[in-house]
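Visitor: Could you look at this predicted model? Sequence included:
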Amino acid sequence: MSESIGFEDVRVNHTSLGSAMWQQFKQQMGKWRSIAIVASVVAVSVAIGSETGIFQLLEWAALDQFFALRPVEPLDKRIAIVTVDEADIQHIGQWPMPDGVMAQLLENIRSQQPIAIGLDIYRDLPLEPGHQRLVRVFESTPNLIGIQKIAGEAVAPPPALEKDGRVAASDNVTDADGKVRRGVVAIGPDQENLIQGLGTRLALEYLENRGLELTMADKAKNIFQIGNAKFHPVIKTDRGYIGPNADTGGFQIMLNYRGQIDRFETIAMKDVLENRIRADLMRDRLVFIGAITPSLKDIFQTPYNNALGQENKQMPGIVIHANLASQILSAALNDRPMMRVWGRGVHWLWIATWSFVGAVGGWSLLQTRPFRKNLFLIGTLCVAIGAGGLLGATSYLAFLSGWAIPVFSPFLATVASAIWIANYHDQWQLKQVNQKLATTNTQLAVANAQLEDYSHTLETRVEQRTQELRQEAIERQRAEEEARLLLEIGTTISTAPNLEMALELVLARVCQTTGWAYGEVWVPSADAQVLECLPIWYGREDAKSGNSQVLEALRQQTQQTTFGSNEGLPGRVWFSKQAEWIPELPSESNEVFPRATLARQWGQQGAFGVPILSSPEEDGESIRVLAVLVFLTPESRLEDKRLVELISAVAAQLGTVVQQKQGQEALKQKNVELANTLQQLQTTQQELIQSEKMAALGQLVAGVAHEVNTPLGAINSSVRNIANFWEDNLDTLPNFFQKLSPERQPDFLALLEKTSTRDIPLSTREQRKIKRSLTSELKEKSIENAATIANLLVGIGVYENLDRFLPLLQDPESPTILKTAYQFANVQTSTRTIATAAERAAKVVFALKTYARYDQTGTKVEAQVTEGMETVLTLYQNQLKHNVDVTQNFDRTLPPILCYPDELNQVWTNLIHNALQAMDNKGSLAIDVVRQEEKIRVDITDSGKGIPADVLPKIFNPFFTTKPPGEGSGLGLDIVRKIIDKHQGTIDVESIPGKTTFTVLLPIVRA
Amino acid sequence: MSEAAIICVDDEVTILQSLEIELQDAFGDTYLYEFAESADEALEIIQEFGEDDIQVLVIVSDWLMPGMKGDEFLIKVHQIKPEIIKVMLTGQADEDAVERAKIQANLYRYLQKPWKNEELIDTIRSALSHL
């Protein structure tokens, strides 16, 4: 919208969109309100003016102009006018014309057979000669209508016509400007006695003649109709062309002139009298007779007068009547419009409309760019011309279609509105600018106020901030001091040689910092029943010297005092585990403050107690109060939260330190205990070493028992077997030999030979294998009891070549022979067993003897290292003989060395035992005893799983063991090393999986 | 041929030979006698007998042997064939081991080397009479 453009800068001052819209709406409202006011005021004014009739002349002039402008209409051939001119008067020689002439005239016309004749000439009085003739003509001419004058100077109708009711009114109504614009349909002295106007009467005669009848179309509005013609009466309230003072009596309609006299066919009266009438001029027509000469005064002003472009000619009354008749006929028969006017309401509306058009148009125009700047004169002119043109055109078109619409009053309203609105617009623009200025001013004022306010608060703020900064600085300083204090106390405590000194230093430091005079420490008694005061304390120097007696008394009392839980200040702190501040001590001692009197005497006012707490995480139990610090303050003041916090922080630090110090002391105690334990352990170790030795011996003895008992068992059994053999067979043998057939004797001897040529006993597996093959072979050879026979054969020593003994086997005596041979073989076996077992037992006993030979003599003796090694191997033979491949590489040229042979045996036993365990008694064991420079080198290598690298460095440590608890003392290798050390030798180990070598180097020392 | 067997286990062949003679003398061909030099070998024999449907009646085992010890062996046997009567014959045995065998292997008798012939045979005989 173009309006909004001008307000943009106003609008942008408002931040909120809603308020901007409201502002715009308000402006729009303001504009429309202005327009409405202007338009309404103008409309009302113009309407009032219109009511008073001041525009009437101008309105009429406009209408008259329309008549003049209207295209010329065709002749109305339904009407003929007989004119009476000066020439006619001269022709008849006198005026008014005598009745006889009139009669002649009428007769002539009547003979032409018109539909009706309107005689617009007064004839109220007889005018001889020829009156009787005229009367006769009147009476005999039924379609003759005479006239009378109703209004003003009334003129009576011709009596002869009156009695037949063939009289019409000759009256014409004029407007204030003397022009005739209305036609008289009916008129009368009053509304009850109306007679039709002449034109109307004749038109109705014509239409009735055509079969049409006048009917009432709308009784309420008094509208009549005939044919298509509707008679809308002009009434008092009609406006526009009907002036306020117009006489609208009777029944008048607006005249819609066809034209002037030339729109009708005329004939001069002289010609009619002389019967020079055109044949078709009057037949079936309406004939009007009237004077046209101005001298007869029946002549009127009409719209055609004074109109532009029209000759100034007045219209004879007869032409007006003819025009009215023509109007009615054309309306009824040809649809030519009648002429109508608006009522007052519509008129006013019309004025108001144009008033608005003017206002809106004017405003709009002035808002457009070309007219923005004070061009309201031209603008108004444009509106006037535009509106006038539009109005004129509209009204003219309306006129042509039968509506007489006022032109001037709406035009006036338009122009007046336009002018006024232009003026208003000017003012409005000014106002807008002013408003803008005012707004700007307001904003400036607000801004100014804000600035002022800000400058004012700035001072306050700066002051505030300064205060804050100062406060911050003070606090920072305090915090720094506190931090320094804490740090100092921290170092003080940690560097103090003992706890008491640390506490003393803390008391001093706190008092110096706070300005307090006195500090002491309370700690729970050993049974934790009461608090006792430590002998350490702090008293300010000046205080000490100044009033030393009181202070001394105070100390003395303190030393004698204890506090139970929740008793006195220390007890209360102990109980609550929280710092407590006493702003004001009582002036005399009481139950709560037993030392108050002395403290007061000494000049102390307040007191402060703070607990030193254990840190919970160290104990894992509830927090304990380690100690309570109590201070006396020389001045009475309210609790200083900061100070309390600070001292609490110090106390917290102290708590940690106290615990540490206590911990250190406990540690010292532990150390002493540990030293004692170590001593005990060392003693125990000696015992352990001995017991280990005994354990090794016990193990050995167990093995030895087995090694001896086994051959003994074998010997025992064998002896018994041999005895049994003789017992069983002594009697039967001679019999057997006697019975033995000569063929079987060599077989038997061959079997006996087999028994004696048996090699080393077969392993049980081999035996089973041979038994199985023999059994199957015997079965093949169809020998009965194959399994039993095979068993006997194996026992005898026959493992193969059964063919040799086939005859024997097939002999029926074969079982006895074989059984006997088997028993002989058993005797032999038993004998051998006894020999082997005895040998073994002897060897074991010898080894045992060797092993224990040098036991605990305490002095070194010369001995062969290889011999000791062999002894150990003999003792371990039981465990070595199966599954272990023993390789011995002994240098037999080695000299004997000075040593403790039994202890060295213990070393070899231990190392071999370990080796066997490492390889689960399966694998290879290599033992090398060789010379390496001036040393004897012993390598014991096993093919076991090896010693892991992380275990290797620890194996010589005492009590180190990889065995499950209870299975080994873990002292074995420790003892080994100790023994090697004793010989000034070394022992080393190298291990990878599959090869672990213990290397012992012993110096060759001779006696 | 007999379907019942007696097995002797000892790492010492001389012992096994002595036992064989003793058993043969006492029971003759009534039973099958088998001898093993180790527990593993004995277990093999037991398995073979199981396949041949030969019933093992008695096992006489040494304790101190290379590899599996006697108590362990007998416990194992007990797990497989609880019905076999187990006798331990040894020159030296850990007391705990004997105790273990008694409890876990239902050891029938513990004989010490050197043993008496009658003692052994009587033991086996009484054991057999239990069957």
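Guide: Received, thanks.

Visitor: Strands of chain B, residue ranges please.
Guide: For chain B, the strands defined by DSSP state E cover B:4-9, B:32-36, B:55-61, B:85-90, B:109-112.

Visitor: now these in a markdown table, with distance to A:His232 and mean neighbour count?
Guide: In short, each C-beta sits where N, CA and C put it, glycine included. Output for the strands of chain B, formatted as a markdown table (distance: least, CB to CB, whole Å; neighbours: other CB atoms under 10 Å in any protein chain shown):
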| stretch | distance to A:His232 | mean neighbour count |
| --- | --- | --- |
| strand B:4-9 | 157 | 23 |
| strand B:32-36 | 156 | 23 |
| strand B:55-61 | 153 | 23 |
| strand B:85-90 | 153 | 24 |
| strand B:109-112 | 159 | 17 |
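
Visitor: Tell me which of those strands approaches A:Val628 most closely.
Guide: strand B:109-112 (75.2 Å; CB to CB).

Visitor: And the closest one, what does it pack against?
Guide: On a contact count with 3 or more CB pairs under 8 Å, 6 or more residues apart in numbering or on different chains; DSSP states H and E, strand B:109-112 meets strand B:85-90, helix B:95-104, helix B:117-130.

Visitor: Those: which one's closest to chain A?
Guide: With CB to the nearest CB as the criterion, chain A lies closest to helix B:117-130 of the helices and strands packed on strand B:109-112, at 4.7 Å.

Visitor: ok, for whatever residue of chain B ends up closest to chain A, nearest residue in space, not its chain neighbours?
Guide: Closest residue of chain B to chain A, CB to the nearest CB: B:Gly91 (2.7 Å). Of all residues not flanking B:Gly91 in the chain, A:Asn709 sits nearest, at 2.7 Å (CB to CB, 6 or more residues apart in numbering or on different chains).

Visitor: Just to check, the one you found is in contact with B:Gln92?
Guide: Yes - taking CB atoms under 8 Å as the definition, A:Asn709 is a contact partner of B:Gln92 at 6.4 Å.

Visitor: now A:Ser587, what's its secondary structure?
Guide: coil (DSSP: H, G, I helix; E, B strand; the rest coil).

Visitor: check contacts around it.
Guide: Contact analysis of A:Ser587 by CB atoms under 8 Å, 6 or more residues apart in numbering or on different chains lists A:596-597, A:600.

Visitor: next one: A:Asp164
Guide: Applying CB under 8 Å, 6+ apart, the residues near A:Asp164 are A:139, A:142.

Visitor: Any stretches of the stretch 601-750 of chain A with poor pLDDT?
Guide: Where the stretch 601-750 of chain A drops to pLDDT under 70, the residues are A:616-621, A:685-703.

Visitor: can we see that at 50?
Guide: Of all residues in the stretch 601-750 of chain A, none has pLDDT under 50.

Visitor: Contacts only, for whichever residue of the stretch 901-1007 of chain A sits closest to chain B.
Guide: Going by CB to the nearest CB, chain B is nearest to A:Asn921 of the stretch 901-1007 of chain A, at 5.6 Å. Counting by CB under 8 Å, 6+ apart, A:Asn921 touches A:879, A:883-884, B:66-67.

Visitor: what does stretch A:129-136 contact?
Guide: Contacts of stretch A:129-136 (CB under 8 Å, 6+ apart): A:98-104, A:106, A:123, A:126, A:160.

Visitor: Just the buried residues of that stretch, please?
Guide: A:130-131, A:133-135 (16 or more other CB atoms under 10 Å in any protein chain shown).

Visitor: same question, stretch A:189-208
Guide: Buried, per 16+ other CB under 10 Å, within stretch A:189-208: A:194-207.

Visitor: My understanding was that A:Tyr900 contacts A:His983; is that so?
Guide: Yes - using CB under 8 Å, A:Tyr900 makes contact with A:His983 at a distance of 7.5 Å.

Visitor: And the residue of chain B closest to chain A, what's its pLDDT?
Guide: Note on B:Gly91: pLDDT of 82.

Visitor: same deal with B:Ala97?
Guide: pLDDT at B:Ala97 comes out at 87.

Visitor: so what's the residue lying closest to it once chain neighbours are set aside up against?
Guide: Closest residue to B:Ala97 apart from its sequence neighbours, by CB to CB, 6+ apart: B:Asp71 at 4.1 Å. Each residue near B:Asp71 by CB under 8 Å, 6+ apart is listed here: B:63, B:88, B:93-94, B:97-98, B:100-101, B:105.

Visitor: Separate out the buried members of those residues.
Guide: Buried, going by 16+ other CB under 10 Å: B:63, B:88, B:93, B:97-98, B:100-101, B:105, out of the contacts of B:Asp71.

Visitor: on that earlier part again, test my guess that the residue of chain B closest to chain A contacts A:Gly713.
Guide: Yes - using CB under 8 Å, B:Gly91 is in contact with A:Gly713, at 6.4 Å.

Visitor: Need the residues touching each of those two.
Guide: B:113-114.

Visitor: got the residues of the stretch 651-800 of chain A near chain B?
Guide: A:702-703, A:705-718, A:720-721, A:724, A:728, A:761, A:763-765, A:767-768, A:785, A:787-788, A:795 (CB under 8 Å from any CB of the partner chain).

Visitor: Now do stretch B:92-103: distance to the chain's middle.
Guide: Computed by CA atoms, centre = their mean, to the nearest Å, the chain-centroid distance of stretch B:92-103 equals 15 Å.

Visitor: Name the residue of the stretch 701-850 of chain A with the shortest distance to chain B.
Guide: A:Asn709 (2.7 Å).

Visitor: ok, the residue of chain B closest to chain A - contacts?
Guide: A:705-710, A:712-713, B:62, B:64, B:112-114.
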